[in-house]
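Chemist: Here's my sequence, what's the structure:
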Amino acid sequence: MYGNKGGVTFAVIVIIIVSVAFTFVLSAPQQAGLKYPNLVNYTSKNTTDLWADANGWNFGHGQTNPTLNYTTGELITFVVTEADGLPHTLVIAPGPKETGSYWTVLTQSQITQTVGHVSQNQFLFTQPGTYTYWCTVHPATMVGTIVVTSGSSTSTSVNLPSISTHPSAVHISISSVNMNPGKINYTLDQTIIPNISLTNGETQ
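Modeler: Okay, the predicted model is just below:
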């Protein structure tokens with residue numbers, strides 16, 4: 001009889017332990033990954049080579065943890081070479097420091113632990129700002145900054161001299177405009193305006 005009670009007690013303890021463990025798993029914080037950007041709408045391409053070393057990105061291969069500079073719309077191919085035989089990842093997050101939400105560019109299984117192994121993946125920055133890249137296995141030493149500037153083109157407007165014409169004017173063609181400090185030189189190619197004569201000249 002005591003043997004049966006002991007068996008029941010043991011079974012109850014096992015059930016309690018399993019229930020507590022299951023509850024802990026469900027309540028444990030889950031990693032919230034960011035949605036990977038669409039790689040279709042890019043305006044240019046660039047390649048960045050990185051060496052994965054626990055002492056720092058590119059340790060022994062130039063500047064350690066270099067600041068990377070890109071523009072919006074630039075499709076970046078990250079080429080990572082395993083340098084020290086340890087596990088590494090490559091992740092990126094918006095902001096000046098590591099956060100709990102990030103984009104995973106390369107996983108441990110992709111980088112591998114084979115020295116000299118090369119892995120690569122692409123990423124597209126769509127918003128200007130400061131980003132952080134790092135290795136989740138070695139976040140204290142393998143961390144660097146990414147600066148993304150706007151990739152939009154700028155234009156400069158030039159105001160040509162205004163010309164008052166007769167209502168019956170037919171055609172005015174300005175064949176060339178030369179910009180000089182303090183003045184604009186212009187050349188009139190064809191002028192067909194009744195009773196009005198225009199010649200080459202300059203305006204200040």
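
Chemist: so when I look at Gln110, I'm seeing a strand, right?
Modeler: No - secondary structure of Gln110 (DSSP: H, G, I helix; E, B strand; the rest coil): helix, not part of a strand.

Chemist: so Thr81 bridges to which residues?
Modeler: On the basis of DSSP bridges, Thr81 is bridged to Trp51, Val118.

Chemist: gap between it and Thr149?
Modeler: Counting by Cβ to Cβ, to the nearest Å, the gap from Thr81 to Thr149 is 27 Å. Glycine gets a C-beta too; all of them are placed from N, C-alpha and C.

Chemist: who's more crowded, these two?
Modeler: Thr81 (18 against 13; other Cβ atoms under 10 Å).

Chemist: Enumerate every residue touching the more buried one.
Modeler: Residues in contact with Thr81 (Cβ atoms under 8 Å, 6 or more residues apart in numbering) are Asp49, Leu50, Trp51, Ala52, Gly116, His117, Val118.

Chemist: Quick check on those residues: which are buried?
Modeler: Leu50, Trp51, Ala52 (16 or more other Cβ atoms under 10 Å).

Chemist: I'd say the first one and Leu90 touch.
Modeler: Right, Leu50. Yes - using Cβ atoms under 8 Å, Leu50 is in contact with Leu90, at 7.2 Å.

Chemist: any shared contact partners between these two?
Modeler: Joint contacts of Leu50 and Leu90 (Cβ under 8 Å, 6+ apart) are Phe78, Val80.

Chemist: From Ala140, how far off is the closest residue to Leu86 other than its chain neighbours?
Modeler: Counting by Cβ to Cβ, 6 or more residues apart in numbering, Leu86 lies nearest to Ala54, which is 5.2 Å off, once chain neighbours are set aside. Computed as Cβ to Cβ, the Ala54 to Ala140 distance reads 10 Å.

Chemist: again, but for Tyr36
Modeler: In this view, Tyr36 and Ala140 are 26 Å apart by Cβ to Cβ.

Chemist: With that, I have no additional questions.
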